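*Asks:* Model the following, please.
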Amino acid sequence: MPNANARLNPPSRQRTLWRMSLTLLVAMAVTGCTTLGGAGPSAGGIRGSVEDGVAGTAIQVVELNGRVNQRLNAHKASTTFAQVFGESSVSPTIVGPGDILDIGIWEAPPAVLFGAAPAGVQLAGAMDVSSTAEIPQQQVGEDGKVTVPFVGRITVAGLRPDEIEAIIVSRLAGRANDPQALVRLVQNETRTVTVLGEVAQSGRMVLSARGERVLDALANAGGASKAIEQSTIQVARGSVQAAMPLENVIADPTQNIGLRPDDVITLQHQPYSFVALGAVKANAEVPFESRGISLAEALGRVGGLNETRANVKGVFVFRMEPSDAVDPLVGADAPTTADGRVPVVYSLRMTDAQSLFAMQDFMMQDGDVLYIATAPGVELERFLSTIASAAFTIVATSNALNSQ
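*Replies:* Next comes the predicted model:
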């Protein structure tokens with residue numbers, strides 16, 4: 001009768017080892033899809049997210065094509081300085097409280113109001129010489145008015161110098177002989193703009209009658225203190241704001257708009273970047289110039305697709321878009337975040353020539369996430385490779401035991 005503690009004979013030991021191996025392989029087969037997880041969601045999983053939502057907000061998946069690019073480019077064009085603030089002509093010189101005016105009044109001969117000689121004094125040809133009223137410089141009061149001799153208090157705030165001249169002449173009509181007036185803005189306290197941010201010297205700049213523009217204000221502040229290709233310039237006028245890459249304003253004269261009093265110009269050092277994930281040659285955060293790069297250029301900067309893993313039908317760009325930029329694309333009822341943006345995934349299938357044109361026209365934005373899905377067969381290949389590795393390990397262990 002064999003001892004219960006006797007060692008198993010080689011055939012029994014081999015059968016036991018293979019039972020254990022099969023159990024291990026089955027367990028790996030059941031859990032393989034989760035334990036061997038891929039680099040991210042599949043292409044089908046992303047396109048199916050329209051119904052699912054993220055953090056309570058539905059994701060809008062938009063197929064990238066020429067029509068989509070046309071809409072996005074049109075929205076971008078509508079946010080330029082020329083479109084937001086209108087024509088780029090300089091503003092007229094307007095008088096305001098605190099300004100100092102130099103006012104001159106002339107009366108044609110024979111002078112009636114300003115040419116009377118002192119009593120008992122006769123000046124040869126006095127009646128043939130025009131007379132001038134000597135008026136000291138006037139500072140516009142808080143009420144917007146100044147005092148002019150023989151005219152009284154007149155409102156000048158909000159008027160151009162030539163309009164003030166016309167008021168003075170009209171008030172003197174019938175009292176002076178063919179009166180003439182000349183009004184000159186000596187000191188301007190209200191026609192100023194403020195320049196802030198990454199400039200050599202922040203401060204206020206007085207607008208002259210010549211009419212300064214955005215780049216004039218930047219030059220007056222000493223220019224940009226950071227790299228131009230990484231700078232964004234913002235113009236705020238009342239409650240309206242717009243921002244553009246400084247490179248674009250320099251390159252396009254129509255964006256170098258005329259300034260208005262109380263404008264605020266802010267230069268920001270804003271390096272742009274996108275994040276590349278998934279089946280690309282290198283997962284990384286990639287900086288790019290503020291003038292922008294296309295999706296094709298973005299793929300080039302990360303080394304292109306990983307040819308052994310990438311799904312050419314699964315190129316995606318994740319972005320938070322302003323609702324007005326994508327209304328025609330996703331519908332007016334698309335859910336938005338608290339700040340009025342829509343989570344959008346732009347999808348591109350690189351299986352035809354049209355997709356290559358679309359990716360050249362699609363411009364990347366700061367904060368975009370570029371994701372390349374893994375090809376469907378890659379995960380199966382990885383799983384089978386893992387199973388094969390485990391099987392060979394078990395066989396090697398079995399052979400080692402049998403050799404004992």
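
*Asks:* Count residues in the vicinity of Arg210, would you?
*Replies:* By other Cβ atoms under 10 Å, 9 other residues sit near Arg210. In short, each C-beta sits where N, CA and C put it, glycine included.

*Asks:* How much space separates it from Gly258?
*Replies:* Here Arg210 is placed at a distance of 10 Å from Gly258 (Cβ to Cβ, to the nearest Å).

*Asks:* What separation do you get for the spatially closest residue to Asn177 that is not a sequence neighbour and Phe150?
*Replies:* For Asn177, the nearest residue in space outside its immediate sequence neighbours is Val112; the separation is 4.7 Å by Cβ to Cβ, 6 or more residues apart in numbering. For Val112, the distance to Phe150 (Cβ to Cβ) stands at 11 Å.

*Asks:* Give me the common contacts of the two.
*Replies:* Both Val112 and Phe150 are in contact with 175-176, where contact means Cβ atoms under 8 Å, 6 or more residues apart in numbering.

*Asks:* quick one on the thing from earlier: residues in contact with the residue nearest to Asn177?
*Replies:* Applying Cβ under 8 Å, 6+ apart, we find Val112 in contact with 175-177.

*Asks:* Packing partners of the lengthiest strand in the chain?
*Replies:* Here the longest strand in the chain is taken by residue count, with DSSP state E as the criterion, and it is strand 310-322. The elements that strand 310-322 packs onto, with contact taken as 3 or more Cβ pairs under 8 Å, 6 or more residues apart in numbering; DSSP states H and E, are helix 43-47, helix 295-301, strand 341-348, strand 369-374.

*Asks:* Of these, which is nearest Met363?
*Replies:* Smallest distance to Met363 across the helices and strands packed on strand 310-322 (Cβ to Cβ): 7.7 Å, for helix 295-301.

*Asks:* what's the average pLDDT for that closest one?
*Replies:* Confidence for helix 295-301, expressed as mean pLDDT, is 94.

*Asks:* And for Leu185, the neighbour number?
*Replies:* In terms of burial, Leu185 registers 20 neighbours under the definition other Cβ under 10 Å.

*Asks:* I'd assumed Pro92 was in contact with it.
*Replies:* No: taking contacts as Cβ atoms under 8 Å, Leu185 lies outside contact range of Pro92: 11.3 Å.

*Asks:* what sits against Val151?
*Replies:* With Cβ under 8 Å, 6+ apart, Val151 has these contacts: 168, 171-172.

*Asks:* Over to Glu198?
*Replies:* 224-226, 231, 267-269.

*Asks:* Output those in JSON lines, with distance to Val249 and secondary structure appended to each entry.
*Replies:* Formatted as JSON lines, the entries for those read as follows, by distance: Cβ to Cβ, whole Å; DSSP: H, G, I helix; E, B strand; the rest coil:
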{"residue": "Ala224", "distance to Val249": "11", "secondary structure": "strand"}
{"residue": "Ser225", "distance to Val249": "17", "secondary structure": "coil"}
{"residue": "Lys226", "distance to Val249": "15", "secondary structure": "coil"}
{"residue": "Ser231", "distance to Val249": "10", "secondary structure": "strand"}
{"residue": "Leu267", "distance to Val249": "11", "secondary structure": "strand"}
{"residue": "Gln268", "distance to Val249": "13", "secondary structure": "strand"}
{"residue": "His269", "distance to Val249": "15", "secondary structure": "strand"}
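
*Asks:* So how do I select the buried members of those residues in PyMOL?
*Replies:* Only the buried members of these end up in this PyMOL selection, burial being decided by 16 or more other Cβ atoms under 10 Å:
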select buried, resi 224+226+231+267+268
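
*Asks:* which ones are touching Ala236?
*Replies:* Applying Cβ under 8 Å, 6+ apart, we find Ala236 in contact with 263-266.

*Asks:* Just the element for it, please.
*Replies:* Ala236 belongs to strand 231-237 when assigned by DSSP states H and E.

*Asks:* what pairs with that strand, and is each one parallel or antiparallel?
*Replies:* Take DSSP bridges as the rule and strand 231-237 pairs in its sheet with strand 240-245 (antiparallel), strand 264-269 (antiparallel).

*Asks:* Tell me which of those sits nearest to Trp106.
*Replies:* Relative to Trp106, the nearest member of those by Cβ to Cβ is strand 264-269, separated by 41.2 Å.

*Asks:* Just the CA atoms of that closest one, as CSV, please.
*Replies:* Provided in CSV are the C-alpha atoms of strand 264-269 (Å, rounded to 0.1, in the frame of the first residue of the first chain):
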residue,chain,number,x,y,z
VAL,A,264,-7.1,99.0,-22.6
ILE,A,265,-4.4,97.1,-24.4
THR,A,266,-2.9,94.1,-22.7
LEU,A,267,0.0,92.0,-24.0
GLN,A,268,0.1,88.5,-22.6
HIS,A,269,2.9,85.9,-22.8
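
*Asks:* Toward the C-terminus, what is the element adjacent to it?
*Replies:* Scanning the chain past strand 264-269 towards its C-terminal end, the next helix or strand to appear is strand 272-278 (assignment: DSSP H and E).

*Asks:* Quick check: which helices or strands does that next one pack against?
*Replies:* Other elements packing on strand 272-278 under the criterion 3+ Cβ pairs under 8 Å, 6+ apart are strand 284-288, strand 369-374.

*Asks:* Centre of the chain to that strand, how far?
*Replies:* 17 Å (Cα atoms, centre = their mean, to the nearest Å).

*Asks:* buried stuff in that strand?
*Replies:* 272, 274, 276-278.

*Asks:* Same check on stretch 177-190?
*Replies:* Residues of stretch 177-190 classed as buried: 177, 179-181, 183, 185, 188, 190 (neighbour count, 16+ other Cβ under 10 Å).

*Asks:* same question, stretch 228-248
*Replies:* If you call a residue buried by 16+ other Cβ under 10 Å, then stretch 228-248 has these buried ones: 230-237, 242-248.

*Asks:* So which of these is the closest to Ala157?
*Replies:* Within the set of the buried residues of stretch 228-248, Arg237 lies nearest Ala157; the separation is 19.7 Å, counting by Cβ to Cβ.
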